[in-house]
Structures are given as structure tokens and as C-alpha cells.
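*Asks:* What would the 3D arrangement of this be:
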Amino acid sequence: MLICINDVYKIYGEGLENEVRALNGVSLEIDYGEYVSIIGTSGSGKSTLMNILGCLDVPTRGAYLLDDISVRELSDNDLSRIRSLKVGFIFQGYNLIPTLTAYENVELPMIYQGVPAGQRRAAILEALERVDMTGRMGHHPSELSGGQQQRVAIARAIATKAPIIMADEPTGALDSKTGAQIMDTLSELNKTGSTVILITHDLAISKRANRIVQLKDGKIVGDKVKEELAQ
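*Replies:* Residues are numbered from 1 along each chain as shown. Have a look, this model is predicted:
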């Protein structure tokens, strides 16, 4: 199993009168090659869950195994390393560095990983080609449309060959046509072996996944595969 969290809590101000349980006893398993959407309204806990699944944060209580590694016991440096090796992030705001070209933005996480220059170039060109952005690789973000910037962000996420692609509201800043194209790209990545975890508040977007996990008040209140949803 790629991801296994068991009875996970994320509590802010634990023991205080105004304690907040952003996650309240969540258990979830995600296998290799799945395409899962995590859906919920603002305040449901989906962003907190994404941060924990993506090793940006650790649970207050409970167990999290990522590829059989116990995440909760890792140091900050170890968390950073496992995050760079296991998870490629795609954010609503693209998170591209404006002073870098598309090529350099895709390259940056690979430099942090210590990937040799020759290997980096081959992986970058392959990733940019997969999202049809090789013709714009010398452009800066300000010279690209929103959809093109998101494609560069996707290329950055897949160039490192991380087994998990985690997309946080990836179409939120895009028009409907461009958003549909981005969702098509995520589906293609899943078909070629990537485990895709989509964080969204939009039910229509969530239905592009093969499994929908619904959060409410820090708890999982629904977990169904597409076939069950059609019934």
C-alpha cells in the first residue's frame, strides 16, 4: 500500500478551551496507481489532510505510513527529503518562480534532489513534451497564460518521477476550457502509472477521479469508487 493513515488527528490548541480538531480520527488507504479526489467545503479538513499526506505537516496523533515509512517519526530534514522523492505538487496558484524560465522552474526541484545535470535535462525535456510546453521552455511565467503556467507546474511535478501527484484545486484559477485540458492531463498521467490525489471543493471536478473521498468537520463521511457513485 502506498499510503496508509490510521486514526489520524490534527489538533490545534490541544487541551485548550478553543481547541480545533482539523482532522478528527481519519483513516485512509490509497494504493499505487489510484486516482482519488478528496472533496469538502472550506473548513472540512481537506487542506490539512493534503498537508499531512504530502509530508508538509505531521499528525498530532495517529499513524501515517508512506511507502512503508513512518512519517510521524521523521525529522524536518527527513520530511523534506521524502517529500521531494515521493510527491509532486500542483497548486492552484502555480507557485512558479517569476525570475526563472519554464525550463528552470521544472529543473529546480531536481537540483535540490542532487540529480546530475545530464539526467536533469533529459527528464525536463520529457516532462515539458508530455504537457506540450517544449516550445515555451525559454519563457518566464509572465510571458505564459494561466493554462501554460499550470502545464509547467505539472511538468515540474512529474519530472522528478515522484510516484504521487498531488493537485490542490489545480483548475481554480483557470477558465473552464483550460481547466478541462488540465484535468485531461491529470487523467493521462494516472493512466501512465502516476498515483493522483486531487484536492477540490468542486463535485464536478472530483468526478474525474476514480474514487471520491468526502470530508466534513475533519472526518471522512464518504468513500466511494466511480462505479458505486453511478448507482
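*Asks:* Have a look at the protein and report its longest helix.
*Replies:* If you go by DSSP state H, the chain has its longest helix at helix 176-191.
*Asks:* which helices and strands sit right next to the next helix or strand after it?
*Replies:* Following helix 176-191 in sequence order, the next helix or strand is strand 195-200 (DSSP states H and E). On a contact count with 3 or more Cβ pairs under 8 Å, 6 or more residues apart in numbering; DSSP states H and E, strand 195-200 meets strand 35-39, helix 46-53, strand 164-168, helix 176-191, helix 203-206. Bear in mind the C-beta positions are built from the backbone N, C-alpha and C, glycine included.
*Asks:* Any idea which of those gets closest to Leu23?
*Replies:* helix 46-53 (5.5 Å; Cβ to Cβ).
*Asks:* After that closest one, which helix or strand is next? Please name it.
*Replies:* strand 61-66.
*Asks:* Could you pull up the residues touching the closest residue to His140 other than its chain neighbours?
*Replies:* Leaving aside its sequence neighbours, His140 sits nearest to Thr101 (Cβ to Cβ, 6 or more residues apart in numbering; 5.8 Å). Shown in contact with Thr101 (Cβ atoms under 8 Å, 6 or more residues apart in numbering): Met137, Gly138, His139, His140.
*Asks:* Which element, helix or strand, includes the residue nearest to the first one when sequence neighbours are not counted?
*Replies:* For Met137, the nearest residue in space outside its immediate sequence neighbours is Tyr103; the separation is 4.1 Å by Cβ to Cβ, 6+ apart. With elements delineated by DSSP H and E, Tyr103 resides in helix 102-113, which encompasses its position.
*Asks:* what does that helix rub up against?
*Replies:* 84-85, 96-97, 100, 120, 123-124, 127-128, 133, 136-141, 144, 152-153, 155-156, 159-160.
*Asks:* Quick check: buried residues in the helix or strand following that helix?
*Replies:* Downstream of helix 102-113, the next assigned helix or strand under DSSP H and E is helix 117-130. For helix 117-130, a neighbour-count test (16 or more other Cβ atoms under 10 Å) marks Arg120, Ala123, Ile124, Leu125, Ala127, Leu128, Arg130 as buried.
*Asks:* got it, and stretch 98-106?
*Replies:* Thr101, Ala102, Tyr103, Glu104, Asn105, Val106.
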